[in-house]
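Q: quick one: sequence and predicted model below, then my questions.
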Protein chains: 2
Amino acid sequence: MANATKPYSVAIDLGSGALKSFNKKVEVKLRDLRGFFYDRGAVDAAVYGLKNPTVYEYFENSQPSARGQMNFGVTTLNPGKVGSEYYMTRGHYHAKKRAAEIYVGLGGKGIVVMQTKEGRFFHSPISRGRIVYIPPLWAHRTVNTGEEKLSFFYAYASDAGHDYGTIRRKGFAKLVVEKGGRPKIIDNPKYSP
Amino acid sequence: MANATKPYSVAIDLGSGALKSFNKKVEVKLRDLRGFFYDRGAVDAAVYGLKNPTVYEYFENSQPSARGQMNFGVTTLNPGKVGSEYYMTRGHYHAKKRAAEIYVGLGGKGIVVMQTKEGRFFHSPISRGRIVYIPPLWAHRTVNTGEEKLSFFYAYASDAGHDYGTIRRKGFAKLVVEKGGRPKIIDNPKYSP
């Protein structure tokens, strides 16, 4: 399957969102996200109390990082919160900047927050049957604001690369927090543009 | 929506496969495919008899043809035959050769036939819940071998381009025909590599 000089096919359960076959699986636990959530103390408390729960996983069919190839997979993001901040992915810019990404929501409910280095911000709902287009140059992070697992199909250029470091250092311009039982998008006090 | 310097989202019905919003719609009728089916006489008779039926349509969210951008959409391919050959798309190489494409089957039943200019051939089933990865350099054509509409989601680089001319001139190496009530993949006697 990794030999992408040859076509191949894999099965996906479009009901549950489960990808039946993949050559890469990544599990991201709460401790891995310590530098990404606003309230590090709450991360530490949660990691201690809940034995470092899984926040999200992705299941990918990766091709060699070569011009014209594409990777695709499914991300599943658990429901949960750290302090008032909803569980989310790290978020990243593409390392090779000019690379778009497409999400197709398969289950659950959340928000994709997106920003550029020039200070633009955008957010989009994601849920079953919603396709989100993330243009080149836009960092993207997915937030689970629901009570069920959020899952979505994704596709992007296999040589796009992932720049997680910029988000780790500077943060995202906005946070998605629960306020009065509902998600609210607020400015990130720690953000350094 | 065509302004892909900004993110956006659109809805898709994952049950029926209907894309709810798009900026490009193309309808391909039987007469448009005259140069692609093996039996041109059967095309002419069918066009005359059936008033030039629609063979397939695609509904796309196109971005500007620029590096890093991606297009996505849904193709719906009607059931039918011309002589013994099943309804199909024209099929194409990407004009900028190194560009992959990903299909996600949403409904119906068919076969994706793929070939390279160096004489390699591959075919994959496509149906609801089957993802087909088409690497760079592989021409691809979709054939509806079922009795219902075949529909699939697709995504590819927006600057990939479409080379239909090579297929029009040389044909595909193989044909998908009905034989004894079942699809069969046979050599195309008219193929000129």
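A: Perfect, I can see it now. Numbers count the residues shown, from 1 in each chain, chains lettered A, B, ... in the order given.

Q: what about chain A, any weak spots by pLDDT?
A: For chain A, applying pLDDT under 70 flags the ranges A:1-4, A:50, A:97.

Q: that one: strands as residue ranges?
A: Applying DSSP state E to chain A gives strands spanning A:8-11, A:24-29, A:54-61, A:70-77, A:81-82, A:85-86, A:101-107, A:109-115, A:121-127, A:130-134, A:139-144, A:150-157, A:174-179, A:182-187.

Q: now do the fourth one: distance to the chain's middle.
A: Relative to the centre of its chain, strand A:70-77 is centred 9 Å away, using CA atoms, centre = their mean, to the nearest Å.

Q: to residue B:26, which of the strands of chain A lies closest?
A: strand A:130-134 (18.8 Å; CB to CB). C-betas here are computed from N, CA, C, even on glycine.

Q: can I get the closest one in CSV? Just the C-alpha atoms.
A: Output in CSV follows, covering the C-alpha atoms of strand A:130-134 (Å, rounded to 0.1, in the frame of the first residue of the first chain):
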residue,chain,number,x,y,z
ARG,A,130,-19.7,18.9,6.1
ILE,A,131,-16.7,19.4,3.9
VAL,A,132,-14.1,22.0,4.9
TYR,A,133,-11.6,23.4,2.5
ILE,A,134,-8.4,24.6,4.0
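
Q: quick one, it and strand B:150-157 angle?
A: Interaxial angle of strand A:130-134 relative to strand B:150-157 (axes from the mean of the first three to the mean of the last three CA atoms, to 10 degrees): 20 degrees.

Q: ok, residues contacting strand A:130-134?
A: A:100-105, A:112, A:114, A:124, A:126, A:140, B:4, B:7-12, B:61, B:63, B:70, B:72 (CB atoms under 8 Å, 6 or more residues apart in numbering or on different chains).

Q: can you point me to the longest helix in chain A?
A: When chain A is parsed with DSSP state H, its longest helix is helix A:40-50.

Q: tell me what angle it forms with strand A:24-29.
A: Interaxial angle of helix A:40-50 relative to strand A:24-29 (the same axes, to 10 degrees): 100 degrees.

Q: dump the strands of chain A into JSON lines; add mean neighbour count as well.
A: As requested, the strands of chain A are exported to JSON lines (neighbours: other CB atoms under 10 Å in any protein chain shown):
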{"stretch": "strand A:8-11", "mean neighbour count": "18"}
{"stretch": "strand A:24-29", "mean neighbour count": "13"}
{"stretch": "strand A:54-61", "mean neighbour count": "21"}
{"stretch": "strand A:70-77", "mean neighbour count": "24"}
{"stretch": "strand A:81-82", "mean neighbour count": "21"}
{"stretch": "strand A:85-86", "mean neighbour count": "22"}
{"stretch": "strand A:101-107", "mean neighbour count": "24"}
{"stretch": "strand A:109-115", "mean neighbour count": "24"}
{"stretch": "strand A:121-127", "mean neighbour count": "19"}
{"stretch": "strand A:130-134", "mean neighbour count": "24"}
{"stretch": "strand A:139-144", "mean neighbour count": "24"}
{"stretch": "strand A:150-157", "mean neighbour count": "25"}
{"stretch": "strand A:174-179", "mean neighbour count": "19"}
{"stretch": "strand A:182-187", "mean neighbour count": "13"}
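
Q: residue A:71 contacts residue A:63, doesn't it?
A: Yes. Judged on CB atoms under 8 Å, residue A:71 makes contact with residue A:63 at a distance of 5.8 Å.

Q: so what sits against both of these two?
A: Joint contacts of residue A:71 and residue A:63 (CB under 8 Å, 6+ apart) are residue A:158.

Q: next up, the contacts around the residue nearest to residue A:130 when sequence neighbours are not counted.
A: Once flanking residues are discounted, residue A:130 sits nearest to residue A:105: 4.4 Å by CB to CB, 6 or more residues apart in numbering or on different chains. Residues in contact with residue A:105 (CB under 8 Å, 6+ apart) are A:126, A:127, A:128, A:129, A:130, A:131, A:132, A:150, A:151, A:152.

Q: closest to residue B:188 out of these?
A: Residue B:188 lies nearest to residue A:131 out of the contacts of residue A:105, by CB to CB, at 35.9 Å.

Q: from residue B:9, how far out is the residue nearest to residue A:16 when sequence neighbours are not counted?
A: Spatial nearest neighbour of residue A:16, chain neighbours left out: residue A:107 (7.0 Å); criterion: CB to CB, 6+ apart. Here the criterion is CB to CB, to the nearest Å. By it, residue A:107 lies 16 Å from residue B:9.

Q: state the phi and psi torsions of the residue nearest to residue A:147 when sequence neighbours are not counted.
A: Leaving aside its sequence neighbours, residue A:147 sits nearest to residue A:79 (CB to CB, 6+ apart; 5.2 Å). Residue A:79 has phi and psi values of phi -80, psi 150 when expressed as degrees, to the nearest 10.

Q: how close does residue A:79 get to chain B?
A: As judged by CB to the nearest CB, to the nearest Å, residue A:79 and chain B stand 21 Å apart.

Q: wait, that residue sits on residue A:148?
A: Yes. Using CB under 8 Å, residue A:79 is in contact with residue A:148, at 6.1 Å.

Q: any common contacting residues for these two?
A: With CB under 8 Å, 6+ apart as the test, residue A:79 and residue A:148 both reach residue A:108.

Q: higher neighbour count, those two?
A: For the pair residue A:79 and residue A:148, the greater number of neighbours falls to residue A:79 (16 against 11), based on other CB atoms under 10 Å in any protein chain shown.
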